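Trainee: need a structure here:
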Amino acid sequence: MSHQGVEVPAEGNGSEAVKMDACKIKPKQVALMTANFEKVVCCRAGPIANITKVQADMVWAGGRTDDSPAFGIRLRFPRGSALANEDQGFGHVENVLMRPTGLGDEWRIDVEESEHYEVIIWLPLADIQIDSRPARSTTVELFGCSTALHEIRISITNNANPVIHGAGKPFRNADDEEVDSWINGGQPIAHGVTFADILSSRAFFLVAAMQGVPTAEYFSCARLPPPFEYGYGTQQYWDVDRYLEQMRTLRGHRFQPSFGHASDNDHVTVLTQADVLWVDVKAKEIEKLRMRVYSVPVVQQERAWAFYVVLTLPPLFEELYMPALRRLTSNDSPLFLSFFEEKNSEKATAVWQATLVQNPERFPQLKDHLIVEGELVLFARRPRETKGSRYTGADFEPKVFASKNPLLEAERMVTAACRLLPGAPPSPPLRVGECPDLAAQSQALHRALARGTGFIDQPAVDAADLVSATEAMSLDGPGRVSPLPLPAVDLTSGIDPRYLEAIVAEVVPEDRDRFLAHVSKRPLGLTMVKSAPGMGKTSVLSAISLCMNEAFGKLFGSGPSHAAVSNFAGRYYKLSCRVIDRHNKGLAADDPTRRKYKLVVRGYNFHDEALALQELLSGDKPKERGHWDLSLTPAFWLLRSLQSDLVSSPSADESAALDTIRRKIVSSTPGMRLADFVSGKLAPEQYQADAPERKVLSRWLGLVVEEADALFTTPAKVKCSAKEGSSKGWNEDTVYSDWWEKEMRCVALDEAGATHLPNLYQVWGNRLLPCAMAGDTKQLKPAVMTYKEEVTEESGEYLNRFAFNGEISALAFLSGTGMPTWRQRRQFRMAEGMFELSKTLFYPGLPAKNDEGCAISDPRHRIGVLFEAFMKRKFPTLKDSPSGQLLPVFLDVRGSRVYVDQTKSKSCPDQVKAALGILSEFALAVGAEMPDVAKRMAILAPYKANVELIGTRMRKMGNSGLEDMPPSSTIDSIQGQEAELVAIVFGTSQLSGPGFTTDPNRLNVSLTRQMSALLLVGDITAAGPLEGDKGKGKGKGKGKPKKPANEAIVTIGPNGEVLYVKPGPIRQMSQFLADRGRVVSVDSESKLRKMAGDDGRKPKEEAAAKPKKPEPEKPKPKKPEAKEKKGEKKEKK
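Mentor: Numbering: from 1, shown residues only. Coordinates of the predicted model:
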């Protein structure tokens, strides 16, 4: 494990931690000397003297769980001003700090601006000789201090080599050219000693301020545990049987997160231990269970087609299977119900598709059916009858599993990660003319980058004996190791100046010089954009990608989700067209320097693509197929190449590739008939009489992909296998993979802060092709489906021991290793004041200013001004926003009641009603001035159950003014998208607790989706009472103890995972708004009913505490007899 960038606690984090000696908890400042302690090379030590600009320390490691014992010498070179380095085009560098949270084995990961360039020389513990003595007078005179000093000589013996971490990473100090020259120019630090000399030393002469002569035990690591190993072996390729055996035998705590790996095997181990295997095991066990069920028709009729099916769960189901079931249903994936007439029957009478019902108490059909603990409700639809069978799917092999097999997804990611092992073939495969030796060097550098510990490989020392080795490699001896500068790639290489100027014009004027400097010198060809929401990350990524597209060739663009990929593709295409228009401005139509638009293709499932085209040509609206949308797809470009009126007409500067595509299509008779039909020369009935088959259409669509200048699709569409490069002929299943292998020359990745590392390696390969990525590590992290689940409750043995590493995104890891990033400094999206809350909570040190378009007088923020005035009229006590600003408003729904379904998803009818009421009233009030106001708004919720409830309520509202408002979404599904006015319904209360709304990354997304107005709806005390009178005095009654400000709570995440969280960020949000008078209150419907003496039927509420262990022996309440009469008795597998 790497020891860099980590704050070491006094004790490790976990049951296996070993307490370190107090003197070794913190680094010990020393002076690094030349041989025989004659001259000072590095000394910036408070107890001794501040003689040089470089600090030297003795450091220890091994006091934490999952860390190897180590002793070394650390050098710290000042970086200077971060802003000055950015202005020079170098970028911004961060340090990663990891601290125990105090919640079991949980870790907190923070980042801070890096002030020092750190290099650690970890010494071989078994092969060092240490001699120490009180400092001689000649040595003391060098420092001029009265502190007791000691001389320490450390020699490396037996031809052993130290391990150097941090060296070779990019460095810049724009404020101090002398320091910069030590690292980048090889200039001597002092007395002729260079940085390379220090790294090559076989003997180190140190002076330290100490009380008493240090003994050998002082430097010893004997009390620390043995070297750490994960214990998963060296076989990393996909093998389910091996994984099952490891899951059974290698149990224990969760490993600490790591931003540096001791070996390639450690790195790949962390990435290949998938967290879905236990779900597959549980799914197969659930498949064998049989349960008693009865069904309630959704509509009372002679032959009902839809039913609510109530299942009685067997004993211990909650404890053994509910976590897996929550996972299986977390993304609305279907379940399959197998019905059996007889208990011992082997063959199902019928197989129906079903979905889990959230909050069954809300459905009137179930009002007479008391759903008690130990029961689940599913919605199932009777299949249509087909000839020869009673039900559709009667022969289907029943199973309970998501429609998308997660093991296939896991296998794909494991294969991608294994590309980073030594001996893996080049990926993508070598093309004609590419040099194998250069590719091997690129692969070695790529593996070093992925390990995260630096770029120095120590050569073996050839010395006759200890003396000659020590003297030869001492500070006064000749150097043997030099930290070679990393290859720097110029992303503007060969680009026509006029075209480059048109690209750079996409960057704000004050950033153009540093942008050019940044993209002209990218270490290893890696460019990372990292900044806050609304600051144009995707736009600047598109500009960088356009440079790569022009300089190196065809671009492959991707992202962690379909939404992210579609957004990136659309933004890239629009920006590229603007750049072409800017370049062509003033050029005659026949000017040979005039440029054509890029052919930018958004790829989905190719089988679905052909079916959609078939439906479009038949005059039908394409069926909904996952995330498919016509824009920029192969079908879109094929239709445009044939000048179909189904899509917009091509422009005069359209890509010349469209002519090529058309020419290839019409070269065949079926293609000519298609062109005639599209142009209107062939009647529809004539075309349909001999319409081409889907496979023929698929091949024509493949022509579009082959001609693409830039292809955008998800990582899953790039097939990873040992047979890379061996595909022959055309195959619709590998059309994107073939393009990636043969055509791709550079890679771009958006939303990299939410992208798993294996997905990056899937699209990037393993030989350092130019790569650009953008994202925000303070927004949604990669989804870890198994996080806190234990083998058995409170056993301390976790199902996913690599959960913490799974949360580290591609952007977080690479930026956390010390690679520089580009920061945007201007906020473009939100009106003045709208970003202040998020900036205060999550980006306190970001040098950001608002663009002139953020002024509230700008017409695009008119809805925010109207909403502010509306809320002031409705709530006179609401304080004004500061002059020239618009601040969010919190609507406190007092007395809110929260429903909790079987998956622990929360919904709150009181808050939903209040939120929709405010939005409806506002829409009706401003409808005359802004007729499309509903289209400009969005209502979001953290919990899926609340989203469903919002949808149900909206459908029942008549003349609300909200008819055109987009459907509600969860916070997790909305990242990368925004609306002018956003309402967030938290769906939590003081009784239920804040749940996973406390997650800082998810909360940050919630607070940054708006452009002009933000309405937060919930219980202001959900995370505990506020401080001061501005919190309305809630929870501050006489005799009430004040709740701790950051008390840990247990909750269920959006994917069914168990989480321990602290409510700090959401408390700070509430306090921020209360302090500024931006909290208004209404009584909930539940509270009003209670005050009127009509409490109604009590909803099931969840207390903010760890759920109690189920007690299966406890008798269940009996069902009403009415159930037995209405229900249909079946047994379910």
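Trainee: which residues does the residue of the chain positioned farthest from its centre contact?
Mentor: Within the chain, the residue lying farthest from the chain centre (CA atoms, centre = their mean) is residue 137, at 57.7 Å. Going by CB atoms under 8 Å, 6 or more residues apart in numbering, residue 137 touches no other residue. For every residue, glycine as well, the C-beta is placed using N, CA and C.
Trainee: For it, give me the pLDDT.
Mentor: pLDDT, residue 137: 91.
Trainee: I'd like to know how far it sits from residue 206.
Mentor: 18 Å (CB to CB, to the nearest Å).
Trainee: Run through the stretch 851-1000 of the chain and note the low-pLDDT ranges.
Mentor: Across the stretch 851-1000 of the chain, the ranges flagged by pLDDT under 70 are 902-903, 975-976.
Trainee: rerun at 80
Mentor: The model of the stretch 851-1000 of the chain has pLDDT under 80 over residues 901-905, 973-977, 993, 995-998.
Trainee: what are the ranges of the strands in it?
Mentor: Using DSSP state E, counting those that start in this stretch, the strands found in the stretch 851-1000 of the chain span residues 889-894, 899-900, 906-907, 937-941, 969-970, 979-985.
Trainee: among the ones you listed, which is nearest residue 756?
Mentor: For residue 756, the closest of the strands of the stretch 851-1000 of the chain is strand 969-970, at 19.8 Å, according to CB to CB.
Trainee: and the closest one, what does it pack onto?
Mentor: Contact analysis of strand 969-970 by 3 or more CB pairs under 8 Å, 6 or more residues apart in numbering; DSSP states H and E lists strand 937-941, helix 944-956 as its packing neighbours.
Trainee: and it, which strands flank it?
Mentor: strand 937-941 (parallel) (DSSP bridges).
Trainee: Do a quick rundown of the helices in the stretch 951-1100 of the chain.
Mentor: For the stretch 951-1100 of the chain, applying DSSP state H, counting those that start in this stretch gives helices covering 1000-1006, 1064-1075, 1085-1091.
Trainee: Show me what the longest one is packed against.
Mentor: Yep, that's helix 1064-1075 we're talking about. Counting by 3+ CB pairs under 8 Å, 6+ apart, helix 1064-1075 packs on helix 836-842, strand 889-894, helix 1000-1006.
Trainee: cutoff 6 Å now
Mentor: helix 836-842, helix 1000-1006 (3 or more CB pairs under 6 Å, 6 or more residues apart in numbering; DSSP states H and E).
Trainee: looking at those, which is buried most?
Mentor: Across those, the average number of neighbours (mean count of other CB atoms under 10 Å) peaks for helix 1000-1006, which reaches a mean of 22.
Trainee: tell me which strands and helices that one is in contact with?
Mentor: helix 1064-1075.
Trainee: if we can go back for a sec, next, format the helices and strands packed on strand 969-970 as JSON lines and append distance to residue 1082 and mean neighbour count.
Mentor: Output for those, formatted as JSON lines (distance: least, CB to CB, whole Å; neighbours: other CB atoms under 10 Å):
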{"stretch": "strand 937-941", "distance to residue 1082": "17", "mean neighbour count": "26"}
{"stretch": "helix 944-956", "distance to residue 1082": "16", "mean neighbour count": "20"}
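Trainee: how about the ones you listed in CSV, adding distance to residue 551?
Mentor: Below are those laid out as CSV (distance: least, CB to CB, whole Å):
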stretch, distance to residue 551
strand 937-941, 39
helix 944-956, 44
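Trainee: about what we covered before: with distance to residue 908 as extra columns, can I get the helices and strands packed on helix 1064-1075 in TSV?
Mentor: Below are these laid out as TSV (distance: least, CB to CB, whole Å):
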stretch	distance to residue 908
helix 836-842	22
helix 1000-1006	15
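Trainee: who wins for proximity to residue 572 among the ones you listed?
Mentor: helix 1000-1006 (22.6 Å).
Trainee: Tell me, what's the model's pLDDT at the residue most central in space within the chain?
Mentor: Centroid-nearest residue in the chain, with CA atoms, centre = their mean: residue 754, separated by 1.5 Å. Residue 754 carries a pLDDT value of 94.
Trainee: which one of the helices of the stretch 951-1100 of the chain is the most hemmed in?
Mentor: helix 1000-1006 (a mean of 22).
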